[in-house]
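Asks: Need a 3D model of the following:
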Amino acid sequence: MSPNEDRVIVVGAGNAALVAALAAHERGADVIVLEAASREERGGNSRFAGATFRFVHSGMSSIEPLLAESSKELVPISAAGEFSREDYLRDLMETSSGRAVPELVSAVVDESYETMAWMRDKGVQWELSTRKFVKQHQLTPENPYVLPPGGAVRAVHEGIGLTDDLFAAVERTDIEVWYDSPAHSLITEGSTVRGVRVRRTGEFVDVYGQVVLGSGGFEANPEMRLRYLGPGWDVVKVRGSRFNKGAMLDEALRAGAQAVGHWGGCHATPVAADAPDVGDLAITDKTGRHSYPYGLLVNAHGERFIDEGEEYYMKTYAKTGAAIRAQPRAWAAQVFDQKVLPHLQPRYSTQEPVTADTIAELEDK
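Replies: Numbers count the residues shown, from 1 in each chain. Here you go, the predicted model:
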């Protein structure tokens, strides 16, 4: 395709990429979205996400205007405290060990509520995450479900709903989406990126314009996982999209992009031992096992290896997978007693538990 100064090429089609495409289109750009997957498998890792969003708010009074009508019925039986700018900044800096770039973090935090409202206006439907954890008949205005301030809202129907809503917004515009069209390489001229070479069925197509890389990480590439994360990471399970191969990260580095951040760390969540090797859209994130704060997490030798109750699970689950990976056989068991069973996340129903009346009997199984 011929050069076009007004064209924006967005590589990828998950949440970040589609939001970038909609924002560029809103500002008058001619936008093309390149999706490596087919239409049926579109959406990247966002399609597999629980789709809980963090943003600055002052409690239920500022949350309610964002919600879809179907979720507002839960407002009287739900409660959420303030999630201030300081709270959000502290969480980001603590969970990144202080390595987050302050300017970028400030932009994310300061524009977070405005972004939620903008996405709502584009058609993304938000709901209280109450629905994810408890039965409605268990709640009353006098005994509401107290939501974590930093995790009170998610997309309706989680990652599938989020990406479906964003694609619907894209399809209401003249944005082009090319499916089965992975970006092959960047087209460069000296130190300037001029466009993208796209691998389509039977041919390569060169597309020129301003390039936005929203193509995700390298989590579905075992060679890159081994290269950057270390021994054993090449054989872990992939909860998300099989299309995130890291090709554009390599291309960007070859083109002279600055490597920043923590390349030896990752978002690694505990998943069921019988989870598929690669993300399955029929079950999305239902293989996650995040209720470990209610019990004990022990390795194959019956030894605890983390503080299960260190923090609310939303602040620890992304590092707990790595802690399990470091154990013998990269395996661990979650042990619960009867009184906490009502508090386990509903996703635990996708797996048959091992049960026993005593710890000694459980050991034998």
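Asks: so residue 119, which of the three states?
Replies: Following DSSP: H, G, I helix; E, B strand; the rest coil, residue 119 is assigned to helix.
Asks: That one and residue 255: what is the separation?
Replies: Counting by C-beta to C-beta, to the nearest Å, the gap from residue 119 to residue 255 is 31 Å. Any C-beta I mention is one placed from the backbone N, CA and C, and that applies to glycine too.
Asks: higher neighbour count, the two?
Replies: residue 119 (23 against 16; other C-beta atoms under 10 Å).
Asks: what pLDDT does that one get?
Replies: pLDDT recorded at residue 119 is 98.
Asks: surely it meets residue 19?
Replies: Yes - using C-beta atoms under 8 Å as the test, residue 119 is close enough to residue 19 to be in contact (7.0 Å).
Asks: Using CSV, list the CA coordinates for stretch 142-152.
Replies: C-alpha atoms of stretch 142-152 as CSV (Å, rounded to 0.1, in the frame of the first residue of the first chain):
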residue,chain,number,x,y,z
GLU,A,142,-27.5,-3.9,55.6
ASN,A,143,-25.0,-6.7,54.9
PRO,A,144,-23.5,-5.7,51.5
TYR,A,145,-20.6,-7.3,49.7
VAL,A,146,-17.6,-5.1,50.3
LEU,A,147,-15.7,-4.9,47.0
PRO,A,148,-11.9,-4.3,47.0
PRO,A,149,-11.6,-0.6,46.0
GLY,A,150,-9.0,-1.4,43.4
GLY,A,151,-11.0,-4.3,41.8
ALA,A,152,-14.6,-3.2,42.0
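Asks: What's the mean pLDDT across that stretch?
Replies: For stretch 142-152, mean pLDDT is 89.
Asks: Which parts of the stretch 51-200 of the chain are helices?
Replies: For the stretch 51-200 of the chain, applying DSSP state H, counting those that start in this stretch gives helices covering 60-63, 69-72, 85-95, 102-110, 112-122, 130-133, 158-171.
Asks: Export those helices as CSV, with columns for distance to residue 348.
Replies: Conversion of the helices of the stretch 51-200 of the chain to CSV gives the following (distance: least, C-beta to C-beta, whole Å):
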stretch, distance to residue 348
helix 60-63, 27
helix 69-72, 24
helix 85-95, 25
helix 102-110, 32
helix 112-122, 29
helix 130-133, 12
helix 158-171, 16
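Asks: deepest of the ones you listed, which one?
Replies: Per residue and on average, the most neighbours among those fall to helix 158-171, with a mean of 20 (mean count of other C-beta atoms under 10 Å).
Asks: what's the angle from it to helix 112-122?
Replies: If you take axes from the mean of the first three to the mean of the last three C-alpha atoms, to 10 degrees, helix 158-171 sits at 60 degrees to helix 112-122.
Asks: Am I right that residue 4 is in contact with residue 30?
Replies: Yes - counting by C-beta under 8 Å, residue 4 touches residue 30, with 6.2 Å between them.
Asks: Need the overlap of contacts for those two.
Replies: Residues touching both residue 4 and residue 30 by C-beta atoms under 8 Å, 6 or more residues apart in numbering: residue 209.
Asks: Can you tell me the closest non-neighbouring residue to residue 75?
Replies: Excluding its sequence neighbours, the residue lying closest to residue 75 (C-beta to C-beta, 6 or more residues apart in numbering) is residue 64, at 5.5 Å.
Asks: The one you found contacts residue 74, correct?
Replies: No - taking C-beta under 8 Å as the definition, residue 64 is not a contact partner of residue 74, at 10.1 Å.
Asks: Of the two, give the one with the bigger neighbour count.
Replies: residue 74 (20 against 14).
Asks: Phi first, then psi, for the more buried one.
Replies: Dihedral angles of residue 74 (phi, psi; degrees, to the nearest 10) stand at phi -90, psi -10.
Asks: Ok, residue 100 next?
Replies: Torsion angles, degrees, to the nearest 10, at residue 100: phi -60, psi 150.
Asks: So it is in contact with residue 90, correct?
Replies: No - under the criterion of C-beta under 8 Å, residue 100 makes no contact with residue 90, lying 11.2 Å away.
Asks: what about residue 310, neighbour count?
Replies: 12.
Asks: Could I get the contacting residues of it?
Replies: Residue 310 neighbours (C-beta under 8 Å, 6+ apart): residue 316.
Asks: That one: helix or strand, and which one exactly?
Replies: Here residue 310 is covered by no helix or strand, with elements defined by DSSP states H and E.
Asks: Model confidence at it, what's the number?
Replies: Residue 310 carries a pLDDT value of 89.
Asks: now residue 204, nearest residue through space, not along the chain?
Replies: Residue 204 sits nearest to residue 197 (C-beta to C-beta, 6+ apart), 5.6 Å away.
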